[in-house]
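Chemist: only geometry, no sequence info:
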């Protein structure tokens, strides 16, 4: 696990996207808010529990889901060449370099001692995976079929 440091969350979202996107942040519908994420190829935004400073970390490879997470969401994520990504909020960004390929991107999120945290896991897969909500807190009420648009 590699710590990226703190990002200041505003508008209740944190995003992962290809650095080359001109408009990297996603538009949210009410259904996206209920499922806790808005996804499109090259960009995914996750709903956070609150605004404010958040500790952000990244793992590349397999990792067990944190028992402390209040919210865990897994989505497909394709990294194309050159593999330059950003983890960002409206208030800040951290660059990432990850090898091109198909990944299962897992967002783990929680609150400990009044501190927001999130952990992104990029696990290489052979084929795109289906999106799934692995752990849901009381704020999430996803539709029967998750939206990927």
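Modeler: Structure's in. What do you need? Since the structure is predicted, the reported quantities are computational estimates derived from the model, not experimental observations.

Chemist: helices and strands of this protein: which one bottoms out on pLDDT?
Modeler: Every helix and strand of the chain was ranked by mean pLDDT, DSSP states H and E. The lowest is strand 2-9, at a mean of 88.

Chemist: Each with direction, which strands does the next helix or strand after it pair with?
Modeler: Remark: after strand 2-9, the chain's next helix or strand is strand 13-18, criterion DSSP states H and E. Strand pairing for strand 13-18, using DSSP bridges, gives strand 43-47 (antiparallel), strand 84-89 (antiparallel).

Chemist: Contacts for the last one, please.
Modeler: For strand 84-89, the external contacting residues (CB atoms under 8 Å, 6 or more residues apart in numbering) are 4, 7-11, 13-20, 24-25, 54, 56, 58, 79, 93-98, 120. Where you see a C-beta, it was placed from the backbone N, CA and C, and this is true even at glycine.

Chemist: Same question for the first one.
Modeler: Contacts with strand 43-47, where a contact means CB under 8 Å, 6+ apart, come from 12-18, 21, 24-26, 28, 33, 36-39, 71, 73, 75, 77, 105, 107, 109, 118, 139.

Chemist: That strand: how far from the chain's middle?
Modeler: 5 Å (CA atoms, centre = their mean, to the nearest Å).

Chemist: Same check on the last one?
Modeler: What separates the centre of strand 84-89 from the centre of its chain is 10 Å, taken as CA atoms, centre = their mean.

Chemist: dump the residue contacts of residue 73.
Modeler: 36, 37, 46, 106, 107, 131, 132, 133, 134.

Chemist: I'd say residue 52 and residue 9 touch.
Modeler: Yes - between residue 52 and residue 9 there is a contact at 6.0 Å, judged by CB atoms under 8 Å.
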